[in-house]
Structures are given as structure tokens and as C-alpha cells.
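**Q** Mind looking at a prediction? Sequence and model below.
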There are 2 protein chains.
Amino acid sequence: MYPIGATTFVEVAGLSDRLDGASRPGHFRGVATVVAKLLNIFTPERAFFGQKDAAQVAVLREMVRDLQFGVQVDVCPIVREPDGLAMSSRNRNLSVEQRRQALALSQALLAVQRKAQSGEHESSKLLAEVLEVLAGEAGVQVDYCCIVDPDTLEDIPNVDRGALVAVAARVGTTRLIDNLLL
Amino acid sequence: MYPIGATTFVEVAGLSDRLDGASRPGHFRGVATVVAKLLNIFTPERAFFGQKDAAQVAVLREMVRDLQFGVQVDVCPIVREPDGLAMSSRNRNLSVEQRRQALALSQALLAVQRKAQSGEHESSKLLAEVLEVLAGEAGVQVDYCCIVDPDTLEDIPNVDRGALVAVAARVGTTRLIDNLLL
């Protein structure tokens, strides 16, 4: 995948600096570059990505569109444990107590969904709800929590036209992400 | 080719800052990006590029290799007018007098070839020969003149293992390039 001396990279400017890209500089450059290589090697008709990494989905959709890769991007829904925790290989790193604390992420998103369904469309008020639920769990350190346009990842003031509510937080040393499309 | 709002680019780091890339910042980023799009749209088995833009050849070879595009890169030799001037659409911008002055580029390269064939392999001495010929033509302003590895575009101290002699110069307002593989 990485020929000796390889220096070429693919950058989706703008998008790559938002959400997880803001916390992890260079991360999405690496993702875009390796996915471009995989698409060139396998030339698939369809490529499947998980909605759980919503920023990755936005970056790769944009790359495929901009560079005109002949592939259909399919996004697979988040799969959750029975109690709501988004499935992730990282969950195995959580202690029993952390596993319980981590539930705050999905519970915060559910709280926002209820509030939005009850008529609250203002992003600042919905975000306050997320932060309130997360603040109720001392073991959870919020990395980001935002309501953005799912394509541009830019903050939006209200959720009238569809919105992505995304959170990232550390539970102990484990960084977890979760999100919800309103 | 350029969807509204497109932000993705392909960068061949390092190579893109050498030769013409040094004189024209961002130029090879644009070249690499548009060629990546063309390769994705047409998925050709072979792609042909001209040796006259030797830096472009190096950048695109590296891009195709690094991103594993499934295409064979073929490089076409420089085509010259009967008197030696490398063919270019820009030649039509030259006045009769400038057309004569422009011959200094190919003549300088021929002088280097003769000197190398007579046993001189030291780059600094070969470059002195190029500059002497070019200096003999007042209408020619040298942009760059170098002896480099044709793959990495990095300066090399001698031409024992194959070398690219490349020149760029302005004749009036017209920027011309030419090169020779030793």
C-alpha cells in the first residue's frame, strides 16, 4: 500500500479540519489517501462505509465526487449494543465501570432526538441538552459536541433542514465517537 | 471537471516544488489533481505524456505509482523543428528575432551533450557550458538550468547514472522549457 519513498497524498481541504479532523490533524489526509489507493487497486462498483464515523463519510463522499471516482458510496447505519452503546472495537478497552459511563454518549443523543421531536430546532439549545447529559457522567471528558450540516460538517444554527449531531469524548483513555442524523 | 465547491486536491509532495514547480507554486498540484480526475473518468490502459515537460512526467509517474492507478505511463520524445527548437504552442508567440534567440536553449543542450560525450561527467562543469551558451544570447533570461535525477528531480553532482539536463528561460515575455536525457 505504501511504496518506499511515496510522497503523494490526497487532501479534502476544509472538511478534513472539522470534527475528528480538528482533534486529529492529518488523520483525514491519511484516510483519503489510503482509500484512493484502495479504490484504484480494486476499482469496486460500490464502497461501504459506516455512519459511525460521520466525518469520514463526509470526507470520502467529497473525495469521490471531486476526483470523479466511478464508485457508489454506500453508508451503513450505526450498529448498537442492546443498551444503546455504538459498537466499536475500542469498547473492549473499557472497564466495567467505564462501559457504564460510556452509555452517556448514546443517551445524550437520544435526549436530543426527543427534544427535537418535541419541537426544539435551535442548535444551541439542543447542544445544551447533550452537554447536560454528558456532564452528568463524571467519567466522560467531552472532546467535541456539535450540530453540523452532514455534508459540509459546518455548524448550523438550527436543524430544520437535516442535521448531524456528533459527539466525541474520552472515557478513561479511550476516545469514543457517536452521532445521530436528525 | 470541477464540481461546484470541490476542495479535494492531489499533491505529490517534494517533486512538485522542483524545476517548474519552484517557479510556479501550486502548478503541479493542479496538474496532479486534474490528471487524477481524467484517469478516474476514462480509466485508460495507457496514458501518454510529453518528455518536454520532464517535471510533469516525474510528478505524474510518482502519482500513478503512489496512488496505484492501474495505468501504464508512456512518455513521448520531444519533437523539434528542423533547426532544433522544441515544438511548443508558445512558439507562435515569438517574434522572428525572438524565434532566433530561442534556439539558444536547444543549442545549449546540444553543447552539453557533446561535452558529456567527450568525457565530462561533472554536473557543475556541464552546467557552466549551458549557461555560457545561454549567456551568449542577450534576449534569453534564464529561469532555471539544472542537472537532476529524472525521477526525483534532485540535483546530482555527476551524470554517471543517467541525468536530466533541464532549462527554462524567458524570451521576451514567453517562457520556454527544454531538456535532454543524458
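**A** Thanks, I have the structure now. Bear in mind that the values here come from a model prediction, so they are computed numbers and not experimental data.

**Q** For the helix-or-strand element of chain A with minimal mean pLDDT, name the packing helices and strands.
**A** Ranked by mean pLDDT, DSSP states H and E, the weakest helix or strand in chain A is helix A:20-23, scoring a mean of 87. Contact here means 3 or more Cβ pairs under 8 Å, 6 or more residues apart in numbering or on different chains; DSSP states H and E; on that basis helix A:20-23 packs against helix A:27-42, helix A:54-66, strand A:140-148. Glycine gets a C-beta too; all of them are placed from N, C-alpha and C.

**Q** Next, the buried residues of the first one.
**A** Of all the residues in helix A:27-42, those buried under the rule 16 or more other Cβ atoms under 10 Å in any protein chain shown are A:27-29, A:31-33, A:35-37, A:39-40.

**Q** what does the shortest one give?
**A** Taking 16+ other Cβ under 10 Å as the basis for neighbour counts, the residues of strand A:140-148 that come out buried are A:140, A:142-148.

**Q** Could I get those in JSON lines, plus columns for distance to B:Val57?
**A** Listed next are the buried residues of strand A:140-148 as JSON lines, based on distance: Cβ to Cβ, whole Å:
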{"residue": "A:Val140", "distance to B:Val57": "54"}
{"residue": "A:Val142", "distance to B:Val57": "50"}
{"residue": "A:Asp143", "distance to B:Val57": "45"}
{"residue": "A:Tyr144", "distance to B:Val57": "44"}
{"residue": "A:Cys145", "distance to B:Val57": "49"}
{"residue": "A:Cys146", "distance to B:Val57": "45"}
{"residue": "A:Ile147", "distance to B:Val57": "48"}
{"residue": "A:Val148", "distance to B:Val57": "42"}
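
**Q** Just the closest of the residues you listed to A:Gln113, please.
**A** Taking Cβ to Cβ as the measure, A:Gln113 lies nearest A:Ile147 of those, at 12.0 Å.

**Q** And the residue lying closest to the closest one once chain neighbours are set aside, how far from A:Ala169?
**A** Distances taken as Cβ to Cβ, 6 or more residues apart in numbering or on different chains put A:Ser123 closest to A:Ile147, at 4.2 Å, once the chain neighbours are dropped. Distance, A:Ser123 to A:Ala169, by Cβ to Cβ, to the nearest Å: 19 Å.

**Q** These two: who's more crowded?
**A** A:Ala169 (23 against 19; other Cβ atoms under 10 Å in any protein chain shown).

**Q** Is it correct that that one falls within a strand?
**A** Yes - looking at A:Ala169 with DSSP: H, G, I helix; E, B strand; the rest coil, it is inside a strand.

**Q** neighbouring contacts of the least confident helix or strand of chain A?
**A** Contacts to helix A:20-23, defined as Cβ atoms under 8 Å, 6 or more residues apart in numbering or on different chains, come from residues A:15, A:27-28, A:53, A:55-56, A:59, A:143-144, A:168, A:177.

**Q** Stretch A:132-143 too?
**A** Here stretch A:132-143 has contacts from A:23, A:97-98, A:101-105, A:107-108, A:111, A:131, A:145, A:167-172, A:175, using Cβ under 8 Å, 6+ apart.

**Q** Show me which of these are buried.
**A** Buried members of the contacts of stretch A:132-143, counted by 16+ other Cβ under 10 Å: A:98, A:101-105, A:107-108, A:111, A:145, A:167-169, A:171, A:175.

**Q** Cool, thanks, talk later.
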